[in-house]
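**Student:** next comes the sequence, and after it the predicted model I'd like to discuss.
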Amino acid sequence: MALVGHFGKQIVFEVSDKRVMTLNSLTQKVTGTWSSHKTIGAKPQKEFNGPDSRRISFTVDLDATLGVRPKEMISRFENAVEKGIAEYLIIGGSMIGNCRFVITEVSESWDVIYSKGELARAKLNVTMEEYR
């Protein structure tokens with residue numbers, strides 16, 4: 001098994017001969033917070049107030065033919081959102097940022113549904129924000 005990364009113990013990204021669940025198209029937004037002070041006859045003066053929370057987004061493909069149970073994984077992501085679970089995001093053995101993250105949003109696309117409503121393939125769009 002090749003561990004790609006994880007968000008706590010419940011969401012594990014991995015590649016093996018039995019299971020493939022990876023994250024794709026990860027984007028990270030790192031910003032600072034600033035104040036603007038008006039001055040008469042001149043441009044406003046900027047003041048750095050400190051770092052803002054990092055924001056991360058990525059997609060996850062869930063495919064039953066690759067050893068993943070889409071409904072079970074969707075439930076884990078939804079649970080993390082609805083319970084406000086804060087965990088470290090580890091990718092490639094390195095922690096992203098210096099703080100834990102919370103999943104603030106998950107949007108789902110159910111792509112293949114078999115008879116009796118069995119979900120075979122889905123795609124998730126996940127948004128996370130640093131939690132302090």
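**Tutor:** Here it is on my side, so go on. Everything numeric in this text was worked out from a predicted model, so none of it was measured.
**Student:** identify each buried residue in stretch 100-108, please.
**Tutor:** Arg100, Phe101, Val102, Ile103, Thr104, Val106, Glu108 (16 or more other Cβ atoms under 10 Å). C-beta coordinates here come from the backbone N, C-alpha and C atoms, glycine included.
**Student:** tell me which of those residues is nearest to Ile74?
**Tutor:** Glu108 (6.0 Å; Cβ to Cβ).
**Student:** which element is that closest one on?
**Tutor:** strand 100-113 (DSSP states H and E).
**Student:** that strand: partners in the sheet, and parallel or antiparallel?
**Tutor:** strand 86-87 (antiparallel), strand 119-131 (antiparallel) (DSSP bridges).
**Student:** what does the longest one contact?
**Tutor:** Taking contacts as Cβ atoms under 8 Å, 6 or more residues apart in numbering, the residues outside strand 119-131 that touch it are 23, 53-65, 70-71, 73-74, 77, 86, 89, 97, 99-114.
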